[in-house]
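> Need coordinates for the following:
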Amino acid sequence: MSTEPPTETARDTAASQAGAAPQPPAKRAGLLRSSVIFSALTLFSRVLGLVRDLVVTARLGASLTIAADAYYTALAFPNLFRRIFAEGAFAAAFVPDYAKRLEGDGEGEADRFAADAAAGLAAVTVALTLVAQLAMPWLMFVINPGYVDEPEKFRLSVILTQITMPYLPCMAIAALFSGILNAHGRFIVSGFYPTILNVVMLAIVWPQTDPIRAAYAASIGVIIAGIGQAALVIWAARRSGARVRLVRPRLTPEMKALTKRAIPAAIANSATQINIFISGILASQVAGARVWLNVADRLYQLPMSLVGVAIGVALLPRLAQSLRRGDHDDAKSAMDQGLIFGLALSLPAAAALMAMPVYLIDGLFTRGAFVAADAAATGALLFHYGWGTPAFVLQRILQPAFFAREDTKTPMRFALISVAINVAAGVALFFVIGVPGIAAATSLAAWIAVIQMLVALWRKGDYRPSAFVTSKILRVALASAVMGAALAFAAANRAAFEAPLRALDLPLLGAKEIGVVVLSLAGLLLYGLLVFVFGGVTRAELRSAVTRRNGASASTPPDLG
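Got it, this is the predicted structure:
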């Protein structure tokens, strides 16, 4: 755990009080190294999350019970506000300001700013939680109109959502202190704390046998985990040297400016989540569709969390600090690195999701109350989310280029266009091809948002990918396409592929489970070989992603090769 004594922090604070500028650390992790740390911990959390979802779907089912739809509804509502207000808007507006104060004014001024922000964020999210608790029966008519004809499902959804809503203020506080840690260059706890939710949920849901009881237990577990997550991040921030005091909410000029930037950032940084939420409204018309969406979400959100969020988390404070110093070369280098490595990891993920969507879902989730028909329906969704996966990742990488320049209105405008396209296309495609149309509309909207951001950055001259970056991306795309074709061939010949695996007699694992693992590992190895053969990534570039160079300052990026 990254909890070294805050010697540099104490030195910077003392320098600030003496009127001197804080000194840069003698050693600082590069963007890619920070992203790798965050991604590794996020991968651990996501693997546990996958195990959690395997247990939850086995206990709660999908189309055969009311418990699963009600439970995933209870998760969707607080998660929407968490991603918009706590993680989306807050990170986009708060982190650049905090990082600049930490870099230029010292720890004391940064802590004072953070204390005011924490008080305001806590007040808003607690008030929002209370209003939602009281208005939940009416809100449920809006967010799940399809449940009206099923009174028992409607009632259960209301109760479970009221139970889970206090998760919002817990995660708002956790997001604030996670931003503080990231600005200090500490990414270990930020990447680890989501694991608490998965551990608590597994412990609570695993012993349950009745779907309804399991849904209640899982909802209560969300609150327990939220309290634990907030406590861990607060403790880690204090160990990093931050001293954020408890103060009364005050609408200072700084907080007014922060709020002014946070509102458009909330919309801009949450377009994908708003689109997913709208998808849920459409899905409420079909029994089990909310569960199908959430299971597909688990797989396609994995690369977004491991790659897009991880790079975005590391990129935002680095860009803010580089631009404050006027070091535009470092800012461009950071964006180049983010694009290359973001697509080097998201393009093969997209190819795999599109090559064997039903095989992945069936092998991982079909057991207990989650039946083969549920797997087929979920696989159809996953295919369409697959071709949108690179766009979901790119949104997270490109938005910091605007937020670091304190421009939240431009991404907000693009996000509003994206949401409008998603609503129109989602409704149209839902009535044409059914539930898979929801996923297709979400992916289409994400790509349009990415194109708009790239064009805007190009026109303003803030960022233009070089010929070197374009060449790298094309090489990565070629390697991904070849790997995807190989996986599609294997999935199409599933029976022959699994035949020798049936001879293995492993506990809890059948031929299909072993097949998914073997095929996924084979695809990973094949892509790893191809991307080096085609020159998409070199050994020097990979080495720079996971090492730090002694004496490197914040303005010295890792080599691209």
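> quick one: contacts for residue 136?
When the contact criterion is C-beta atoms under 8 Å, 6 or more residues apart in numbering, the partners of residue 136 are 158, 161-162, 165. (Glycine included, C-beta is placed from N, CA and C.)
> Mind putting those into CSV with secondary structure?
Below are the contacts of residue 136 laid out as CSV (DSSP: H, G, I helix; E, B strand; the rest coil):
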residue, secondary structure
158, helix
161, helix
162, helix
165, coil
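> Now, of those, which are buried?
When neighbours are counted using 16 or more other C-beta atoms under 10 Å, these contain these buried positions: 158, 161-162, 165.
> is it possible to export those to a markdown table including distance to residue 53 and pLDDT?
Rendered in a markdown table, the data for those read as follows (distance: C-beta to C-beta, whole Å; pLDDT from 0 to 100):
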| residue | distance to residue 53 | pLDDT |
| --- | --- | --- |
| 158 | 23 | 91 |
| 161 | 19 | 91 |
| 162 | 23 | 92 |
| 165 | 21 | 90 |
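> For the stretch 351-500 of the chain, which segments are assigned as helices?
Assignment of helices within the stretch 351-500 of the chain using DSSP state H, counting those that start in this stretch yields the ranges 357-365, 372-386, 389-403, 409-433, 436-460, 467-492, 494-498.
> Check those helices for me and report the most buried one.
Among these, the stretch with the highest mean neighbour count (mean count of other C-beta atoms under 10 Å) is helix 389-403, at a mean of 27.
> one step back: taking the contacts of residue 136 together, which two end up most distant?
Checking the contacts of residue 136 against each other with C-beta to C-beta, the farthest-apart pair comes out as 158 and 165, at 11.0 Å.
> Next, find the distance separating residue 330 from residue 404.
For residue 330, the distance to residue 404 (C-beta to C-beta, to the nearest Å) stands at 12 Å.
> oh sorry, the question was meant for residue 477
As for residue 477, its distance to residue 404 is 27 Å (criterion: C-beta to C-beta).
> Check residue 246 too.
Distance from residue 246 to residue 404, counting by C-beta to C-beta: 30 Å.
> With neighbour numbers in mind, choose between these two.
Each of residue 246 and residue 404 had its neighbours counted (other C-beta atoms under 10 Å), and the higher figure belongs to residue 404 (27 against 8).
> Against residue 454, how distant is that one?
When distances are taken as C-beta to C-beta, residue 404 and residue 454 turn out to be 16 Å apart.
> Next, the buried residues of the longest helix along the chain.
If each helix of the chain is counted by residues according to DSSP state H, the longest one is helix 107-143. When neighbours are counted by 16+ other C-beta under 10 Å, the buried residues of helix 107-143 are found to be 107, 109-122, 124-125, 128-129, 132, 136, 139-140, 143.
> again with stretch 202-220
When burial is assessed from 16+ other C-beta under 10 Å, stretch 202-220 yields the following buried residues: 202, 204-205, 208, 211-212, 214-219.
> any low-confidence regions in this structure?
Under the criterion of pLDDT under 70, the regions of the chain flagged as low confidence span 1-43, 61-64, 81-92, 187, 265-277, 304-317, 320, 501-510, 541-561.
> hey, where'd the strands end up in it?
Remark: no strands are assigned in the chain by DSSP state E.
> Show the contacting residues for residue 242.
Residues in contact with residue 242 (C-beta under 8 Å, 6+ apart) are 9, 107, 110-111, 114, 177, 180, 184.
> Same check on residue 119?
When contacts are counted by C-beta under 8 Å, 6+ apart, residue 119 touches 246-250.
> Next one: it relative to residue 247, how far apart?
Noted for residue 119: a distance of 5 Å to residue 247, by C-beta to C-beta.
> I figured residue 417 hits residue 446, correct?
No: judged on C-beta atoms under 8 Å, residue 417 makes no contact with residue 446 at a distance of 11.7 Å.
> Using PDB, list the CA coordinates for stretch 56-72.
Extracted in PDB, the C-alpha atoms of stretch 56-72 (Å, rounded to 0.1, in the frame of the first residue of the first chain):
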ATOM      1  CA  VAL A  56     -25.600 -13.000  -7.800                       C
ATOM      2  CA  THR A  57     -27.000 -14.200 -11.200                       C
ATOM      3  CA  ALA A  58     -27.000 -17.800 -10.000                       C
ATOM      4  CA  ARG A  59     -28.900 -16.900  -6.800                       C
ATOM      5  CA  LEU A  60     -31.300 -14.300  -8.300                       C
ATOM      6  CA  GLY A  61     -31.600 -15.500 -11.900                       C
ATOM      7  CA  ALA A  62     -32.800 -13.300 -14.700                       C
ATOM      8  CA  SER A  63     -36.100 -13.800 -16.600                       C
ATOM      9  CA  LEU A  64     -37.500 -16.500 -14.300                       C
ATOM     10  CA  THR A  65     -37.700 -14.400 -11.100                       C
ATOM     11  CA  ILE A  66     -38.600 -10.800 -10.100                       C
ATOM     12  CA  ALA A  67     -35.700 -10.600  -7.700                       C
ATOM     13  CA  ALA A  68     -32.900  -9.900 -10.200                       C
ATOM     14  CA  ASP A  69     -34.700  -7.100 -12.100                       C
ATOM     15  CA  ALA A  70     -35.600  -5.400  -8.800                       C
ATOM     16  CA  TYR A  71     -32.000  -5.800  -7.500                       C
ATOM     17  CA  TYR A  72     -30.300  -4.400 -10.600                       C
END
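> Can you give me the neighbour number for residue 533?
Residue neighbour count, defined by other C-beta under 10 Å, stands at 12 for residue 533.
> again with residue 235
13.
> Over to residue 178?
The number of residues packed near residue 178 is 31, by other C-beta under 10 Å.
> what's near enough to touch it?
So residue 178 contacts 189-190, 193, 233 (C-beta under 8 Å, 6+ apart).
> Let's see that with 7 Å instead.
With contacts taken as C-beta atoms under 7 Å, 6 or more residues apart in numbering, residue 178 has the following neighbours: 190, 233.
> Please report how far it lies from residue 184.
Relative to residue 184, residue 178 is positioned 11 Å away (C-beta to C-beta).
> what does residue 405 give?
When distance is defined by C-beta to C-beta, residue 405 is 22 Å away from residue 184.
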